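[1] Following is a predicted model, sequence given first.
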Amino acid sequence: MSMEKGVSIGDFNVKEQTQWCPGCGDFAIVAALKGALAELGIKPHQTVIASGIGCSGKSPHYINTYGFEGLHGRALPLASGIKLANHKLTVIAMGGDGDGYGIGAGHFVHIMRRNYDITYIVHNNQIYGLTTGQASPTTQLNMKTKSTPYGVIELPFNPLSLAILGGATFVARAFAGDLPHTKEIIKAAIKHKGFALVDVLQPCVTFNKLNTYEYFRERCYKLEDHDKTDAKKALEKALEEVESGYKKLPIGIFYQVERETYEEKLPQLAKEALVEKKLETDISRALEKLM
Amino acid sequence: MKYIFKIGGQAGAGIMSAGRLLILCFSRAGYNVLGYPEYPSLIRGGHNAVQVKVSEGEVRAPEPKHDMLIALNQDAITFHLPDLKEEGVVVYDEHLKCDKGYGVPFSKIAMEEGDVQMKNTVALGSALALVNYPFEIFENVLRDHFGGRKGEEVAERNIRAARRGYEYVKEKGWKHREIKPLSDKRKVIITGNQSIALGAIKAGMKFYAAYPMTPASSILHYLAKVERDFDIIVKQTEDEIAAINYALGASFAGVRSMVGTSGGGFSLMVETLGLAGLSETPLVVVVAQRVGPSTGMPTWTEQGDLRFVLHASQGEFPRAVLAPGDVKEAFLLSAEAHNIAEKYQMPVILLTDKFLSESVFSTEAFKEEVKLERGEVVRETAPQEGRWKRYAITESGISPRIFPGTPHGMHVATSYEHDESGFSSESFVMRVKQVDKRARKVEKLLEETPGPKVYGEGEIALITWGSTKLPSLEALEILKEKGKSAKVIHNTHIYPFNKKAFLEALGDATPIVVENNSTAQFAGYLREQCLIAPKAILRYDGRPFFAENIAEGVERIMKGEEIAVVKEQRDVEYYYPYRFR
Ligand SMILES: Cc1ncc(C[n+]2csc(CCOP(=O)(O)OP(=O)(O)O)c2C)c(N)n1
Ligand code: SF4
């Protein structure tokens, strides 16, 4: 494919073997991200991927950029700190649905208010993969899992509607079974200035026998003629899965608006990145003020 | 000359700001001053007090008795009159009941001048008149305090109210000793927390993240105020877990970063502390102790978290623990913490407590040079086969860092055990290599870790860490008067611990640890590190030691007690004063 500004997808390859179950949706997400970065001409050394813990959290190991596989649920604050320290980098956060919508949900709510220029890719497999198949916040009602042998009795979490209402400036969903489309969505998310959520429907072929590739193929359809700037319409689309009894799952960009980023609001970052500032500091005036 | 004021009143009546104004009156006239605040964990309905100690000599710790009580409500009289020195004086709001001292219509004057809230200013005017202190000094302090922020009119109104309080006393001819300005030399007045903040700024800290928690919050407040002056970023996050992860991310990206909290918030940070250790990411964590466990007594002092910070987080990883004992140490150790964190790529915990963090001390401006040692950082590297070896096995244990944005330096930091390039690994051989590599950093750090500071000499060694240094130094003077020779061995570098230097400092003196907790944690730590069995003087009711407590404790121990616990004879309570009405 294209080789803008001398960056090719090969630059993002690593020599290590990927270690996901054959057929896992995670492969496509990583491939889509590599393709998106390459096509946008973003250099590997100018990219940092921060992830949580889970099958999904392993992604940074399989992409040749800077990476930080942090703690379960903490990808977002980790990515935020990296962004504030050096806002010139392309910062991507990645994790699972348990990671981001369960244990890390508090961070998810607050990062949207701040609108850092960060892309957040959630590998939403509706199950806890790495811990061998317990219910997650997005597991469907009545589904039996190892931790819910009688079926889930809690409603599934709807990340898209929360993001639209919560202040995210880019809200999208992709399906890992459609790699080219996923890549286009991720590209748009990275290009978007502000916080971008890409929730990727990701089949877990080992532990989720309900939400399979066929399941999604039957239900997913691409958003067309949709006004992305209209929050009400976006919300309507986000709720369509619920209202249709999970028979219709729209994918694409639900919502996209412009808002000043957190970084842009900081005069400290107007000239150089925080990491570029000199360490030597004169505190004599501050001491005088304490006299 | 030494003079001790105690100001007491209802929570919300401006007692704390009155304390600050009084301190400035004397710190701007050449005096050494200490302001020690006591307040409960509520905004209204409780009792507040502040002790202001003024002296020509060194001031270090609060005292049990005061020369003047400035009482703004009846509780202040109930609570603090018993601690008035025999020859002391009380000045109180006229309508209160008091068998001693002078009543001045604080509230009435304040009301007549337009705002009853100014009764604290009136009271200060009267107090300063009693010691015949020049009014102009107070006038200037008020002008600076109110003028800038709140506008000239508020300043002038306060000055008018203060002058009326001052003149009321003068006209009556009331007097109590005399404090004369010593010089027009101004001292810096600073809290332990502000000193920590400035030490970090001096060391090039550019990113601070926190979630409010007493007694660490004033670091956040101060840094937020000076954020733009110093071109740094200060972030209040949604919780402490976020705070430490923000700081870790910023540090990974190459910025000197710090977080500050108290025990409860630190509990939430613990998992990430281990991540900093394993991923070898520098990080400075300020832990300002308060009375625990759980919410405990949030606004009171304790040193109960020593063992917690020494061992916090699962697994074994290198860390450093530093504990300042005064504002100068707070400044210097805060700066040093950043050097250690980066040089040795490990988390450094700066352990302070409410007494040091929130008390106000006068000091000469910090003029010390602060070294900036970033350790091994690679700024450029050639293309290589595979990933950059961020965790290369080295003799020193230190593997050079490289920051994101540097070409060819791509690697992954991870919370998993890993190989030299950071790739997750469960290799038995690599596991042991990485554990040993990280451990070597502590050995190396120990080589440059100073021993304790020794003050005085004698057969009794008062062993301190953190703020118990201050009352212990004062206790030396009392012990001397009683004909006992003692020294203070003060420990700032808690982990790693230079036991050789400690044992040398101890010599054959009798070791007595002085600490604000109930289980003698540092005594136990010394037992483990140095195979000695120190005795201990403990106080864990929420107050710092008075020097007298320590001198008495020494006597009790000399008479055979192993552990001398300090207990107040007379109870008061700031949280629910109604109990005493
Ligand atoms: C604090 C903490 N609690 C629990 C775990 C165990 N754990 C690891 S991954 C995981 C859940 C994984 O599910 P998800 O986040 O959806 O990611 P997936 O593996 O499905 O990609 C859990 C509970 C942990 N690592 N840390
Ligand atoms: S367990 Fe599921 S999510 Fe994890 S690698 Fe296998 S298929 Fe993928």
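    Good, I have the coordinates. Ligands and ions are numbered 1, 2, ... in the order given.

[2] What residue spans form the domains of chain B?
    According to automatic domain parsing, chain B comprises the domains B:2-186, B:190-363, B:453-565.

[3] separation between the residue in the stretch 101-250 of chain A that chain B sits nearest to and residue B:236?
    The nearest approach of the stretch 101-250 of chain A to chain B comes at residue A:110, 4.2 Å away (CB to the nearest CB). The C-beta positions use only the backbone N, C-alpha and C, and glycine is treated the same way. Separation of residue A:110 from residue B:236 (CB to CB, to the nearest Å): 11 Å.

[4] Residue B:116 too?
    From residue B:116 over to residue B:236 (counting by CB to CB), the distance is 33 Å.

[5] Same question for residue A:70.
    Residue A:70 sits 21 Å away from residue B:236, taking CB to CB as the criterion.

[6] Report the secondary structure element holding residue B:288.
    Residue B:288 belongs to strand B:283-289 when assigned by DSSP states H and E.

[7] again with residue B:564
    Secondary structure from DSSP H and E places residue B:564 in strand B:563-565.

[8] How about the backbone phi and psi for residue B:195?
    phi -70, psi -40 (degrees, to the nearest 10).

[9] same thing with residue A:119?
    Residue torsions, per degrees, to the nearest 10, at residue A:119 are phi -100, psi 130.

[10] which residues sit in contact with it?
    A:90, A:91, A:92, A:93, A:186, A:189, A:190, A:192, A:196, A:198 (CB atoms under 8 Å, 6 or more residues apart in numbering or on different chains).

[11] returning to what we had before: residue A:70 and residue B:236 - which one has more neighbours?
    Comparing residue A:70 with residue B:236 by other CB atoms under 10 Å in any protein chain shown, the one with more neighbours is residue A:70, at 32 against 14.

[12] quick one: the more buried one and residue A:50 touch, right?
    Yes - at 6.2 Å, residue A:70 and residue A:50 qualify as touching, with contact defined as CB atoms under 8 Å.

[13] Overlap in contacts, the two.
    Listed as contacting both residue A:70 and residue A:50 by CB under 8 Å, 6+ apart are residue A:78.

[14] Quick check: the gap between residue B:539 and ligand 1.
    37 Å (CB to the nearest ligand atom, to the nearest Å).

[15] residues near that residue, how many?
    Neighbour count of residue B:539, defined by other CB under 10 Å: 27.

[16] same question, residue B:301
    32.

[17] What of residue A:156?
    By other CB under 10 Å, neighbour count at residue A:156 equals 20.

[18] again, but for residue B:458
    16.

[19] what's the helix or strand for the closest residue in space to residue A:169 that isn't next to it in sequence?
    Nearest residue to residue A:169 in three dimensions, chain neighbours excluded: residue A:194, at 3.7 Å (CB to CB, 6 or more residues apart in numbering or on different chains). Per DSSP H and E, residue A:194 falls between elements, in no helix or strand.

[20] ok, residue A:194 touching residue A:261?
    Yes - counting by CB under 8 Å, residue A:194 touches residue A:261, with 5.4 Å between them.

[21] Neighbour count: those two, which is higher?
    Legend: neighbour count by other CB under 10 Å for residue A:194 and residue A:261, higher for residue A:194 (25 against 20).
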